[in-house]
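# Structure for the following, please:
(one chain, ligands or ions: 1)
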Amino acid sequence: MNPSNAEPQPHHDDRFVEVTEVGTRDGLQIEPVVIPAARKIGLINDMIAAGIGSIEVTSFVSPKAVPQLADAEEVIDGITRAPHTRLLALVPNLRAAERAVETSLDGAVLVCSASNTHNRKNLNRSVDETLAGVPSVVARLAEGNRRERRIDVIGAVATAFGCPFEGDIAVDDVLKIARAYVEAGASQVTLSDTTGMATPANIRTLVRAVRAALPGTPLALHLHNTRGVGLANVLVGLEEGIRRFDSSVGGLGGCPFAAGATGNICTEDLLFLLEGSGYETGVDLEAAIAVAHKMEKLLGKRLVGQVMRAGPRLRLHDAGTVATAAG
Ligand code: ZN
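Numbers count the residues shown, from 1 in each chain. The predicted model follows:
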């Protein structure tokens, strides 16, 4: 490459981006199909083999409410780990924490919506009631997992960039929740665009506000591509120093408040963007694409991922076999 044409590269120490795969939690929870535990374990093992180090495997929610994830314990404990694998799960309440400590879980994602209305719909409690419960959830998790290892606490602020019932969310409402997590001992705060309402400008404003209020707390972004600007939001997050992103294989998932909408930002598309922008992820893109195709077969429906169709940039075609159209 001609150095004078090279894009400015991020500083070496700053080039690693942690991608957390959330498809088996955020995606499968709204799919009508219930996938058998053994199939989920196979997919997650393939993700690990592709180099994905951090996976939000499932959610400890009521099996009655979300039958798709009723096999949480079986899935977590059936996974074949690599040395640095970090298995996460959503732990929305004390009952969930009681289940989590009986597994080999590495990290618990606590959740509270910045919108009171959304929180009531999601957790059947007010924001204040949810925050009042955080210390007891963290205390239960502090007992460690079944392998007698500590369980990391991640605090997710849902609807941080907007709520489908309340609209715009005040920065102070996000900060109140983020502070409660940090005071309780969370090692990361995740700002979640639960229903895909964030714009690049929203990302910049909120990341700066949270960073100013909680300097030193690692931040992550959980983005959905509901309105087509998911990866634009990633770019702004990168500019603002964010190095942790959630994404789902094939862009699995949807939005209960927007019929036909796309789901989380897509893992392979995110990997493609990051690699092409000079970042390292430790993930093999071709292997991640293969996982997306496997997931598609399993669900029996077309996923929205784009790199899984087009392939990496330099997957070249035989000029003799591809017809071209003028223009
Ligand atoms: Zn989500």
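# only C-alpha atoms for contact and neighbour calcs from this point on.
Noted.
# quick one: the helix or strand bottoming out on mean pLDDT in the chain to chain centroid distance?
Ranked by mean pLDDT, DSSP states H and E, the helix or strand of the chain with the weakest confidence is helix 116-123, at a mean of 93. Relative to the centre of its chain, helix 116-123 is centred 20 Å away, using Cα atoms, centre = their mean, to the nearest Å.
# For that helix, which residues meet the burial criterion?
Neighbour counts over helix 116-123 (16 or more other Cα atoms under 10 Å) mark 116-120, 123 as buried.
# which residues touch the spatially most central residue of the chain?
By Cα atoms, centre = their mean, the chain has its centre lying nearest to residue 246, at 2.6 Å. Residue 246 makes contacts with 19-22, 220-223, 264-265, as judged by Cα atoms under 8 Å, 6 or more residues apart in numbering.
# now the helix or strand where residue 110 lies, how far from the chain's geometric center?
According to DSSP states H and E, residue 110 maps onto strand 107-113. The chain centre lies 12 Å from the centre of strand 107-113; the measure is Cα atoms, centre = their mean.
# Likewise for stretch 259-267?
12 Å.
# now swap in stretch 210-223 and tell me
15 Å.
# Now it: average pLDDT?
Averaging pLDDT along stretch 210-223 yields 98.
# Compute the inter-axis angle for the helix or strand where residue 138 lies and helix 116-123.
Using DSSP H and E, residue 138 maps to helix 127-141. Counting by axes from the mean of the first three to the mean of the last three Cα atoms, to 10 degrees, helix 127-141 lies at 40 degrees to helix 116-123.
# now for helix 127-141, which elements pack on it?
Counting contacts by 3 or more Cα pairs under 8 Å, 6 or more residues apart in numbering; DSSP states H and E, helix 127-141 packs against helix 94-100, strand 107-113, helix 116-123, helix 171-184.
# mind listing what residue 26 touches?
58, 248, 253, 264.
# Not counting sequence-adjacent ones, nearest residue to the first one?
Same thing as residue 58. residue 25 (4.4 Å; Cα to Cα, 6 or more residues apart in numbering).
# Enumerate every residue touching that neighbour.
For residue 25, the contacting residues are 56-59, 69, 89, by Cα under 8 Å, 6+ apart.
# Present those as TSV; the columns should include secondary structure and distance to residue 259.
Putting the contacts of residue 25 into TSV (DSSP: H, G, I helix; E, B strand; the rest coil; distance: Cα to Cα, whole Å) gives the following:
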residue	secondary structure	distance to residue 259
56	strand	25
57	strand	25
58	strand	23
59	strand	23
69	helix	22
89	strand	26
